[in-house]
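# Sequence and predicted structure, then a few things I'm wondering about:
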Amino acid sequence: MTDRIRIGELAEEAGVSRDTIRFYERAGLLPKPRRTATRHRVYDHDVALQIRFIRRAQDLGLTLDDIRQLIELRESAGEGVPRGVAEILRARLQTVETRISNDEAYRERLALAIQRAESAEGQSFFAELGADGDHNLKEA
C-alpha cells in the first residue's frame, strides 16, 4: 500500500464522488492535493477521514462555512476550541429553531386556508387570497 492515493481511490474509500472531492477542494474544505508528474491528483489517506468529517457535519445541518470554521478551529488546536465549536453549533441550532418556528406558522396559515377554502362558496376564496391589506390569512 502506498502513502498516496489517486482521486478515484479516495472517492471510493470516502464514499463520495470525484466531483464531490473537487467541490470540497474548491470550497476550501480540503487541502490542495499534490500532483504527479502527469498532473494527476494524489492524496494522503487521512483526507478520507476529513471527507467523512465533512459529510457527518453536513448531516448535522452545518453549512460549508460552519464546517470550514470547525476545520480552522481543529487546526488551531488552541484552548478555546471547545467554546468555538459550541458557538458554531449553537448558532446552527438557533437557525434550525427559527426555521421550525416559521414552518409552524406556515402550517397554521395553510390549515386556516384549507378551512376557508372548504367553506368558501365559488370564487370567494380566490378573492380572499388576492385581497390587499391586512387580511387574516396573511396574519395567521
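Ah, there it is. Numbering: from 1, shown residues only.
# what kind of secondary structure is Val42 in?
Using DSSP: H, G, I helix; E, B strand; the rest coil, the structure places Val42 in strand.
# what about the closest residue in space to it that isn't next to it in sequence, neighbour count?
Of all residues not flanking Val42 in the chain, Arg4 sits nearest, at 4.1 Å (Cβ to Cβ, 6 or more residues apart in numbering). The way it works is simple: take the backbone N, C-alpha and C, and place the C-beta from them, glycine included. Residues lying near Arg4 (other Cβ atoms under 10 Å) number 15.
# The one 4 residues further on too?
Gly8: 13 surrounding residues under other Cβ under 10 Å.
# ditto for the one 4 residues further on
Neighbour count of Glu12, defined by other Cβ under 10 Å: 13.
# residues touching the residue nearest the centre of the chain, list them.
In the chain, the centroid-proximal residue (Cα atoms, centre = their mean) is Thr63; its distance is 4.0 Å. When contacts are counted by Cβ atoms under 8 Å, 6 or more residues apart in numbering, Thr63 is found next to Arg92.
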